[in-house]
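Participant: Fold the stuff below for me.
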Amino acid sequence: QAPIKATCEDMSCKTGFPEDVHSAVVSRSVHGGQPLLNVRFRSCDGNKKIHFGSSEPEDFRVDEDGVVYAERSFQLSAEPTEFVVSAQDKETQEEWQMRVKLTPEPAFAGASEKKQKKIEDIIFPWQHYKHSSPLKRQKRDWVIPPINLPENSRGPFPQELVRIRSDRDKSLSLRYSVTGPGADQPPTGIFIINPISGQLSVTKPLDREQIASFHLRAHAVDVNGNQVENPIDIVINVIDMNDNRPEFLHQVWNGTVPEGSKPGTYVMTVTAIDADDPNAQNGMLRYRILSQAPSSPSPNMFTINNETGDIITVAAGLDREKVQQYTLIIQATDMEGNPTYGLSNTATAVITVTDVNDNPPEFTAMTFYGEVPENRVDVIVANLTVTDKDQPHTPAWNAMYRMTGGDPTGRFTILTDPNSNDGLVTVAKPIDFETNRMFVLTVAAENQVPLAKGIQHPPQSTATVSITVIDVNESPYFVPNPKLVRQEEGLLAGSILTTFTAQDPDRYMQQTSLRYSKLSDPANWLKIDPVSGQITTTAVLDRESIYVQNNMYNATFLASDNGIPPMSGTGTLQIYLLDINDNAPQVNPKEATTCETLQPNAINITAVDPDIDPNAGPFAFELPDMPASIKRNWTIVRISGDHAQLSLRIRFLEAGIYDVPIVITDSGNPHASSTSVLKVKVCQCDINGDCTDVDRIVGAGLGTGAIIAILLCIIILLILVLMFVVWMKRRDKERQAKQLLIDPEDDVRDNILKYDEEGGGEEDQDYDLSQLQQPDTVEPDAIKPVGIRRLDERPIHAEPQYPVRSAAPHPGDIGDFINEGLKAADNDPTAPPYDSLLVFDYEGSGSTAGSLSSLNSSSSGGEQDYDYLNDWGPRFKKLADMYGGGDD
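Facilitator: Now for the predicted structure:
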C-alpha cells in the first residue's frame, strides 16, 4: 500500500457541507460498528454546536466528529446505496443536508491482484483563529480508506500495509502509534507501527472466521507527547479464503413421509453451515443426494433442493408394508457446488415411511361359536380374531366391532382387546334359557380411521357368531314382590293373614315343589306354612309397635327348591296396619308447677294419643267428681283440640305437692278415655310467677326411681359401716387373747431381729438331711428290737386328750383353758423332757459314750436336799428320783 498524505486548499469560509453529493467506495460486506467515512462540515463560527443525523438510522450512524458508522452487519448490493446526512445547529435549529452514495468495491481475482481503492477525501471544516485578522484555514485530518488483507497469508512477516505521515514532520520530530483491538488491546501484537517512519505492518496470518475486521486509530505526537494531529481511524478488512468445509448441523437427520404419498410431497430439510463468508462463493453451499438405500421400488424416490436442502418425493410407490425406511447420503459442497474447487461434506438422512390405513381388518373365520349359562352378565362368550397388515397399535390397525343383526334387545356387546385387537363378545343383559336358547349374531369389523382414498378393498369385514344358552337352576321368585296386605291392627294370634307363594322359572327341570320359611320377622308376629305358603299370626298385630314405620310392617320369607345346586329366593310381605281406637289419651307433662295464689297460676297441658285420626284428637278435658276437693280447688279449660289449661279455682292454696286427676277422652268411635294424674307442685311465687321459697325446691323433688336408688345407696353404706365395726371388735378380742397367753417378760418379738442369713461354707453343704429327723421317724418302732430303745426317745404310751380351744374364746375363758392344758401336760408321761430338753441330732445307735442318764453324780452337791423337786410335778419326777431318792 502506498502512503496516503492529506493536503489542503485555500477557499472562502461558508458554513455547511462542502458538497451536495458525496460518493465513497467501501467493501461489499459491512459489519456492525464499522467506520465507513468522514463527512466534512465547515463552520465559520467555531463555537457552533452541530448535531449530525442520518436518514437511515437503522443502518448508519454519524458521530459528533463526523465519522459515519454502520449500525448493523449487511451486504451491499451491486447498486449504489444512498442516504442523507444532516447537520443541525442546536441553538438556531438551522439545518444542512448532504446526500451520501456508497458503492461496493469490485471483487478481487486473487490476493496478489488486490489493490486498495483510494476514496475521495472529505475536507475537514475550516477553523477561524480568533487572534489573527485574516482568515486562515486549518489543515485537514487524514482520511484512510479501508485496507483489505487476505486471511491465511504466508508472509513474510512482518508484512507492510500502509505508511502514515503528517506534513508537519518536516518541521517537527514526530512519533507515530496505533491503538485498538489487535494493537494495544487483545488480541495484542497483531499490528505494529514504526514510531519514526509511521510504517504500519501485520505480524502474523489473520483468520477471518475469528475476526473479520480490525478498527485501529493512528496518533501523531511530538517528542514531548503533545498531540500534533487529530487521531485518524484505520479499518482493516480480512478477505475471506475458502479454508472451511461445510458442516451439517446433525450427522443424522430423521424425517417421515406417509406411505402412498404423491410425487412432490415434502419430507424434510437438511441444513449445513460454512464458516467462510456466506455472501461469497466460499460460503455458498449446494446439496445433492449421493445414494438411496434400499433402491426399491425406484432408485430415485427422493430429490433435494440444491440451495435450500429441502427433500421431496419424486416417484410414487411408497408402501410401508414393503419398505419401512429409506437411508439417503446427502452431500453439501461450497463454491456454489463446484466439484473442482469446492469443499464438501456428507450426512445421513433417515426417512421413515409412516402407515396409513390402506388395509382393512379381515376376520380369520366366517363363523365363530360360543356358549353362556343363563342369567350371567359380563361374561365373555366368544373371541373374534382379525388380521390387519397396517402398523400395530395405530388407528389404522385398531379394530372396532359392531353388531349388525341378531340382537334386537341389546343383550350382547363387543369390546376390543387393546393388545391382541380381538373382539370380545360379552353378555350385557341376563339371558333366560326358557325364552331364548340360541342367538345368531352378525358382526362387522372396521378400523378407527377410514381407509385412505384410492384403496380398492371394502372398508369392513363381516362374520357370524353362534351363541348357545345353557340351562341352569334358577332361583324361585315371589309374585308379587313385595306383596302389600292391608289389615286392621288388633288381629288376634292364630288368624290367617294371607298366602304368599313363589314360582320356579325352571320349566324344563324335574324338581319337587317349593319349600317356604321365614327369613325376617322383627316382631315375631307371623309364621308361614312350609308347603302352601299360608301366613298366619302368632301374636296380636299392633300398629303402635316400634317395629312399625309409617303404618307399615315388613317381613321377609324364603322359597327354596331342591335343584342342583339348590336355589332360593326371597319375598317381602308388607302389612299396612289400619288404626283402631285401642289407646286412651294421656296427659303431658306428668308434673307441673304453679303458684299458691290465684294469679298467675295457669298450667298448660297436652293430650298425647298413640292412635291417629280419627281415633285421636280433638280431645275432651274434665276433672272427676271425686274427690270433691279436685273441682273445688281446680278448674280446667280446653284451649285447642289437643291442649288445655289447668288453674286454681280458689284464691289461695297452701304450698305442697298435689295429685290432680284429669279425665281425657278422644274422638274415636267408640270413644276411649283415661284418667291421668298430674303432679302439681304449689309454691310461693314472686310477681313474675317464679318460686321464691324452699318449697319450690322440695316441690321439684326427685322421681320415684331416683329416691329408691338413693335409699339403696344409704342401706349399702350402713351395712359396710356395720361390717367394719364388727371386724374391728373381733380384731380387738384376738389381740387381747394373745396378750393373756404371752408373758410380757417372755415376749421376745421385739428383741430378736433377723438381719441376714448366710449359709455355711462348702464343707457344711454335704450332709444327710434324714439324720435331722426324729429318731422314731428314721427307725420305726415296728423294726426296732426290744430292749435297745434309747432312753431319751419318746416313751410309747397312749396319747392324752388335751382340751380343744374354741375358735373365738371369750377372754374370761382363757384362764380356764390354760389351767386345763397345764393339768393335762403334767399328767402326760410322753411329754418332753424325757431325759433331755431337746433332741438336737441323731447320731445313730450304739454310742460308746452311752447316755448321760446313766452317770451318777459324785459331786459335793450330793448332800444337798432335793426333795423339793417332788413338788414340781411329773416333769421333774426323774430328776427327783436321781437326787432325792437316797440310795435307791
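Participant: Gln199 versus Leu712, what's the distance?
Facilitator: Leu712 sits 134 Å away from Gln199 when distances are taken as C-beta to C-beta, to the nearest Å. For every residue, glycine as well, the C-beta is placed using N, CA and C.
Participant: Phe478 now?
Facilitator: Phe478 is 124 Å from Gln199, by C-beta to C-beta.
Participant: and stretch 376-393, which residues are buried?
Facilitator: 381-382, 384-386, 388, 390-391 (16 or more other C-beta atoms under 10 Å).
Participant: for stretch 651-661, same thing?
Facilitator: 653, 655, 657-658, 660.
Participant: distance between that stretch and the chain's centre?
Facilitator: Computed by C-alpha atoms, centre = their mean, to the nearest Å, the chain-centroid distance of stretch 651-661 equals 71 Å.
Participant: could you give the mean pLDDT of that stretch?
Facilitator: What stretch 651-661 shows for mean pLDDT is 85.
Participant: Same question for stretch 185-193.
Facilitator: 93.
Participant: can you tell me which helix or strand Asn306 belongs to?
Facilitator: Per DSSP states H and E, Asn306 falls between elements, in no helix or strand.
Participant: Next, count neighbours for it.
Facilitator: 16 (other C-beta atoms under 10 Å).
Participant: Identify the residue nearest it in space, chain neighbours excluded?
Facilitator: Arg286 (4.6 Å; C-beta to C-beta, 6 or more residues apart in numbering).
Participant: Ok, Phe478 next?
Facilitator: Nearest to Phe478 is Gly571, by C-beta to C-beta, 6+ apart, at 2.8 Å.
Participant: ok but that neighbour is inside a strand, no?
Facilitator: Yes. Assessed by DSSP: H, G, I helix; E, B strand; the rest coil, Gly571 belongs to a strand.
Participant: residues in contact with stretch 294-304?
Facilitator: 267, 270, 287-289, 292, 310-315, 317-319, 322-323, 326, 328, 330, 351 (C-beta atoms under 8 Å, 6 or more residues apart in numbering).
Participant: Where helices are concerned, which of the residues you listed count?
Facilitator: Secondary structure from DSSP state H places none of the contacts of stretch 294-304 in helices.
Participant: Just the residues you listed: which are in strands?
Facilitator: 267, 287-289, 292, 310-313, 326, 328, 330, 351 (DSSP state E).
Participant: quick revisit: of the buried residues of stretch 376-393, which is the nearest to Gln684?
Facilitator: Checking the buried residues of stretch 376-393 against Gln684 with C-beta to C-beta, the nearest one is Val381 at 90.3 Å.
Participant: Looks like that closest one contacts Ala428 (just checking).
Facilitator: No. If you go by C-beta atoms under 8 Å, Val381 and Ala428 don't touch, sitting 10.6 Å apart.
Participant: before we move on, back to that, tell me which of Phe478 and Gln199 has more neighbours.
Facilitator: Phe478 (22 against 18).
Participant: shared neighbours, Val381 and Ala428?
Facilitator: Common neighbours of Val381 and Ala428 (C-beta under 8 Å, 6+ apart) are Phe412.
Participant: Pull out the buried members of the contacts of stretch 294-304.
Facilitator: So, by 16+ other C-beta under 10 Å, the buried ones in the contacts of stretch 294-304 are 267, 270, 287-289, 292, 311-313, 318, 323, 326, 328, 330, 351.
Participant: mind listing what's buried in stretch 517-526?
Facilitator: 518, 521, 525-526.
Participant: whoops, stretch 401-409 was the one
Facilitator: In stretch 401-409, counting by 16+ other C-beta under 10 Å, buried: 401, 403, 407.
Participant: before we move on, what about stretch 631-647?
Facilitator: Buried, per 16+ other C-beta under 10 Å, within stretch 631-647: 633-634, 636, 638, 642, 644, 646.
Participant: which of those sit farthest apart?
Facilitator: Asn633 and Asp642, at 24.7 Å, using C-beta to C-beta across the buried residues of stretch 631-647.
Participant: Measure how buried Ser883 is and give me the count.
Facilitator: Rather than Ser, residue 883 is Tyr. There are 16 residues near Tyr883, going by other C-beta under 10 Å.
Participant: Isn't Asn481 up against Ala559?
Facilitator: No. Taking C-beta under 8 Å as the definition, Asn481 is not a contact partner of Ala559, at 10.2 Å.
Participant: For these two, indicate the residue with more neighbours.
Facilitator: Between Asn481 and Ala559, counting by other C-beta under 10 Å, Ala559 is the more crowded of the two (26 against 14).
Participant: Double-check that the more buried one belongs to a helix.
Facilitator: No. Counting by three-state DSSP, Ala559 is located in no helix; its state is strand.
Participant: Tell me where the model's unsure across the stretch 101-250 of the chain.
Facilitator: 106-144 (pLDDT under 70).
Participant: At which residues are the strands of it located?
Facilitator: With DSSP state E, counting those that start in this stretch applied, the stretch 101-250 of the chain shows strands at 147-150, 159-163, 174-179, 191-193, 199-202, 213-222, 227-239, 247-248, listed in chain order.
Participant: now those strands as JSON lines including distance to Trp96?
Facilitator: JSON lines is the format used below for those (distance: least, C-beta to C-beta, whole Å):
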{"stretch": "strand 147-150", "distance to Trp96": "31"}
{"stretch": "strand 159-163", "distance to Trp96": "32"}
{"stretch": "strand 174-179", "distance to Trp96": "32"}
{"stretch": "strand 191-193", "distance to Trp96": "36"}
{"stretch": "strand 199-202", "distance to Trp96": "35"}
{"stretch": "strand 213-222", "distance to Trp96": "27"}
{"stretch": "strand 227-239", "distance to Trp96": "22"}
{"stretch": "strand 247-248", "distance to Trp96": "51"}
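Participant: circling back to that earlier point, from the buried residues of stretch 376-393, which is closest to Lys48?
Facilitator: Gln391 (80.5 Å).
Participant: And what about that closest one, helix, strand or coil?
Facilitator: Classified using three-state DSSP, Gln391 is coil.
Participant: what does Ala824 give?
Facilitator: Taking three-state DSSP, the label given to Ala824 is helix.
Participant: count of residues packed around it?
Facilitator: 14.
Participant: Check the gap between it and Leu879 for me.
Facilitator: Distance from Ala824 to Leu879, by C-beta to C-beta: 21 Å.
Participant: Next: Thr364.
Facilitator: 130 Å.
Participant: Residue ranges of each domain in the chain, please.
Facilitator: Domains of the chain are assigned by the TED database as 21-104, 144-239, 247-354, 362-470, 477-578, 586-691.
Participant: Would you convert those domains into JSON lines that also reports distance to Thr704?
Facilitator: Below are those laid out as JSON lines (distance: least, C-beta to C-beta, whole Å):
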{"stretch": "domain 21-104", "distance to Thr704": "109"}
{"stretch": "domain 144-239", "distance to Thr704": "113"}
{"stretch": "domain 247-354", "distance to Thr704": "95"}
{"stretch": "domain 362-470", "distance to Thr704": "62"}
{"stretch": "domain 477-578", "distance to Thr704": "25"}
{"stretch": "domain 586-691", "distance to Thr704": "11"}
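Participant: in the stretch 651-800 of the chain, which spans are strands?
Facilitator: 656-665, 673-683.
Participant: Out of those, flag the one nearest Asp542.
Facilitator: Using C-beta to C-beta, the strands of the stretch 651-800 of the chain put strand 673-683 closest to Asp542, at 17.6 Å.
Participant: Next, the buried residues of the closest one.
Facilitator: Buried positions in strand 673-683, judged by neighbour count with 16+ other C-beta under 10 Å: 674, 676, 678, 680-683.
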